[in-house]
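Engineer: Sequence first, predicted model second:
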Amino acid sequence: MSDPLYRQDAYARDVSGVVIGHTDEGGILVEPELFYPTGGGQPGDSGWLEWDGKRLSIATTVKGENGESVLVPAEPEALPPKGAHVVQVLDWERRHKHMRVHSALHLLSVIVPLPVTGGAIGAGTGRLDFKMPEPPQDVQVLEDSLNKLIDRDLEVTEGWISDEELSANPGLVKTMSVQPPRGAGRIRLVRIGTGTEQVDLQPCGGTHVARTGEIGTVRITKVQNKGKQNRRINISLD
């Protein structure tokens, strides 16, 4: 398969495609890959397929054995056959919220410069777990700092690094619980800000907004104690 469309253009909402196969569990493989598969704390995309006057709702998308997107139908209905020409349509509102939250969490890891022990992305909410023995003294200060970064409307871009280069720069990896997949020869990096305005650079395979201003105002809704060494910071889009 070619480089997934969700990686080439996170803003593609619908596209024509061809069914190239099915899984034993009833999943559907379509080329090009518009739907993002669950991974890195980001949920799989939902939406629907259209072909020959028919429509099939897609509940979620998961990764196949080789990392490909497997579309999971919402109901046990007839599947488009192999070779069928289909139109793939995302639930764009849901995907876009994932993008906004994902980019906001990268910025949260900037204002809280501590190792990340876990995280999750939702449609409008998200959280990061930090190795933080003591809770933050002033949550409002953190929230204000996060929104100031967002308001700078920094450009979000991507680049690539080799496995060897990443091994030589372990500080790029902020997450303690999940390591970037190696073995493919290159690893995607997401950069927030360019040149002297760069504020973050870390491995990531998820979808992001093009500029931080698109995130909008974010609220820190709760800080939770997750053990002696961990604190969970929850955020939501305003």
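Structural biologist: Cool, got the structure. Quick caveat: nothing in here was measured; it's all calculated off a predicted structure.
Engineer: What is the distance between the helix or strand hosting Ile233 and the centre of its chain?
Structural biologist: In the assignment (DSSP states H and E), Ile233 maps to strand 230-237. Offset of strand 230-237 from its chain centre (CA atoms, centre = their mean, to the nearest Å): 16 Å.
Engineer: and that strand, which strands flank it?
Structural biologist: Here strand 230-237 has these sheet partners by DSSP bridges: strand 125-131 (antiparallel), strand 218-225 (antiparallel).
Engineer: ok, residues contacting the longest one?
Structural biologist: Looking back up the chat, that one is strand 218-225. 104, 125, 135-136, 139, 142-143, 146-147, 150, 231-238 (CB atoms under 8 Å, 6 or more residues apart in numbering). Just so you know, the C-beta spots here come from the backbone N, C-alpha and C atoms, and that holds for glycine as well.
Engineer: And for the first one?
Structural biologist: Residues from elsewhere that reach strand 125-131, judged by CB under 8 Å, 6+ apart: 101-102, 104-105, 108-109, 112, 114-120, 176, 221, 226, 229-237.
Engineer: Narrow the residues you listed to those that are buried.
Structural biologist: Using 16 or more other CB atoms under 10 Å as the burial test, the contacts of strand 125-131 include 101-102, 104-105, 108-109, 112, 115-120, 230-237 as buried.
Engineer: Where does the prediction get shaky in the protein?
Structural biologist: 1-2, 176-184 (pLDDT under 70).
Engineer: Give me the most central residue, it.
Structural biologist: Centroid-nearest residue in the chain, with CA atoms, centre = their mean: Gly206, separated by 3.2 Å.
Engineer: Confirm for me that that residue is in contact with Gly39.
Structural biologist: Yes. Using CB atoms under 8 Å, Gly206 is in contact with Gly39, at 7.5 Å.
Engineer: show me where the chain has strands.
Structural biologist: Counting by DSSP state E, the chain has strands at residues 14-22, 28-31, 47-51, 54-63, 69-73, 85-90, 116-121, 125-131, 156-162, 186-192, 200-203, 218-225, 230-237.
Engineer: possible to save those as CSV with distance to Pro170?
Structural biologist: Shown next, in CSV, are the strands of the chain (distance: least, CB to CB, whole Å):
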stretch, distance to Pro170
strand 14-22, 37
strand 28-31, 35
strand 47-51, 37
strand 54-63, 25
strand 69-73, 30
strand 85-90, 35
strand 116-121, 14
strand 125-131, 16
strand 156-162, 12
strand 186-192, 12
strand 200-203, 11
strand 218-225, 28
strand 230-237, 21
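Engineer: Name the stretch among the ones you listed that sits most buried.
Structural biologist: strand 69-73 (a mean of 24; mean count of other CB atoms under 10 Å).
Engineer: How far off centre is it?
Structural biologist: 17 Å.
Engineer: Would you mind pulling up the elements that that strand packs against?
Structural biologist: Here strand 69-73 touches strand 28-31, strand 54-63, going by 3 or more CB pairs under 8 Å, 6 or more residues apart in numbering; DSSP states H and E.
Engineer: want to throw those into TSV with distance to Trp160?
Structural biologist: Formatted as TSV, those follow (distance: least, CB to CB, whole Å):
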stretch	distance to Trp160
strand 28-31	22
strand 54-63	20
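Engineer: residues contacting the residue nearest to Pro136 when sequence neighbours are not counted?
Structural biologist: Leaving aside its sequence neighbours, Pro136 sits nearest to Leu142 (CB to CB, 6 or more residues apart in numbering; 5.6 Å). Contact analysis of Leu142 by CB under 8 Å, 6+ apart lists 111-112, 136, 220, 233.
Engineer: Kind regards, and thank you for your time.
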